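# Next input, structure requested:
(one chain, ligands or ions: 1)
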Amino acid sequence: MNRLRKILIIEDEQDIARIIKDYINKNGYEATIANNGRDALHDIELLNPAFIILDIMLPDIDGIELCRQIREKNNVPILILSARGSDTDKVLGLGFGADDYMTKPFSLTELLARIKSNLRRVESMSMISSQPKPSEHEDILHMGKITIDKKGYKVTKEDKEISLSAKELELLFFLSKHRNQVFTKSQLLDAVWGYTAYGDESTITVYIRRIREKLELDASNPEYIKTVWGIGYKFSYDE
Ligand code: CA
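Okay, the predicted model is just below:
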């Protein structure tokens, strides 16, 4: 089974979990259900899913805490489901490592669209990285203390791996791939999130801040991700 078809649904409400599972499977994926956080962590080790749907209200652990625990070891895209009408940016922006967010009740069609959109990007990244490149050096950017390995899907700082969520990695890779080119928030949202329904440009601000905090020596005086006032952001580094 292609790894990119494997989806883990972490949800204790049996009816909802089954409806999601049936719908996803009907659309060519292979979904597995975990009813609680403990089973979920076990299933992730066992199955190595390509995408995780995580309900925030679980019997044994808070979904946010579980998200954090998953993210410590794994950069699999995580979509959080919540019955609470919380602000999207709050959930995505607080550093739990979630990549996407939907409020219950939600449409299955929309859920599927988001799964596809996330997996397409993971797939295109792995395809891009497996293509032969004219120069090996283009896959690995060495800049000061930071190394961005686009082939290995890894970022290191002074030889220590920096833990970035899937979306943080994608945003950083996108910017570093187009070194010195300026992008507006809307262009970045389009390039990395890929669907307009999401459409909140403050998400980019939040993600840029999170990447800078992990990457930069001084996040308020960035060496890599520069703010171009009035326009947006660019990735550049003065050798
Ligand atoms: Ca629940």
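
# can you pull out the strands in this structure?
6-10, 30-34, 51-55, 78-82, 100-103, 140-143, 146-149, 154-157, 160-161, 183-184, 225-228, 232-235 (DSSP state E).

# how about low-confidence regions in this structure?
1, 84-96, 124-138, 195-199, 239 (pLDDT under 70).

# What residue spans form the domains of it?
Listed by the TED database, the domain ranges of the chain are 6-127, 140-235.

# hmm, the first one in reach of the ion?
Yes. Applying CB under 5 Å from the ion, one finds that domain 6-127 is in contact with the ion at 12, 13, 55, 57. (Glycine included, C-beta is placed from N, CA and C.)

# Turn the strands of the chain into TSV, columns for mean neighbour count.
TSV is the format used below for the strands of the chain (neighbours: other CB atoms under 10 Å):
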stretch	mean neighbour count
strand 6-10	24
strand 30-34	20
strand 51-55	25
strand 78-82	23
strand 100-103	19
strand 140-143	16
strand 146-149	19
strand 154-157	17
strand 160-161	10
strand 183-184	18
strand 225-228	16
strand 232-235	20
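
# Can you report how many residues lie near residue 117?
Neighbours of residue 117 under the rule other CB atoms under 10 Å: 15.

# no, scratch that, I was asking about residue 203
21.

# So it versus the ion, what's the distance?
25 Å (CB to the ion, to the nearest Å).

# Is that residue in contact with residue 188, as I believe?
No. Using CB atoms under 8 Å, residue 203 is not in contact with residue 188, being 9.2 Å away.

# related to what we said a few turns ago, as a markdown table, the strands of the chain with distance to residue 194 would be great.
Formatted as a markdown table, the strands of the chain follow (distance: least, CB to CB, whole Å):
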| stretch | distance to residue 194 |
| --- | --- |
| strand 6-10 | 18 |
| strand 30-34 | 22 |
| strand 51-55 | 14 |
| strand 78-82 | 14 |
| strand 100-103 | 11 |
| strand 140-143 | 24 |
| strand 146-149 | 21 |
| strand 154-157 | 21 |
| strand 160-161 | 26 |
| strand 183-184 | 14 |
| strand 225-228 | 20 |
| strand 232-235 | 17 |
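
# closest to residue 167 out of these?
Closest approach to residue 167 among the strands of the chain is made by strand 100-103 (7.9 Å; CB to CB).

# Tell me the helices and strands packed up against that closest one.
strand 78-82, helix 88-93, helix 108-130 (3 or more CB pairs under 8 Å, 6 or more residues apart in numbering; DSSP states H and E).

# So what are the sheet partners of it and their directions?
For strand 100-103, the paired strands and their directions (DSSP bridges) read strand 78-82 (parallel).

# which residues touch the partner strand?
11, 51-57, 63-64, 67, 70-71, 91, 96-104, 106, 111, 114-115, 118, 165-166 (CB atoms under 8 Å, 6 or more residues apart in numbering).

# Just the buried residues of these.
11, 51-56, 63-64, 67, 70-71, 91, 96-102, 111, 114-115, 118, 165-166 (16 or more other CB atoms under 10 Å).

# From the opening residue of stretch 154-173 to its closing one, how far?
By CA to CA, to the nearest Å, the extent of stretch 154-173 from end to end equals 10 Å.

# How far away from the center of its chain is it?
Computed by CA atoms, centre = their mean, to the nearest Å, the separation of stretch 154-173 from the middle of its chain amounts to 11 Å.

# contact partners of that stretch?
71-72, 75-78, 97-100, 118, 121-122, 125, 145-150, 153, 188, 192-193, 204, 207-208, 210-211, 214-215, 225, 235.

# contacting residues for the residue nearest to residue 228 when sequence neighbours are not counted?
Excluding the flanking residues, the one nearest residue 228 by CB to CB, 6 or more residues apart in numbering is residue 182, at 4.8 Å. Counting by CB under 8 Å, 6+ apart, residue 182 touches 228, 231, 232, 233, 234.
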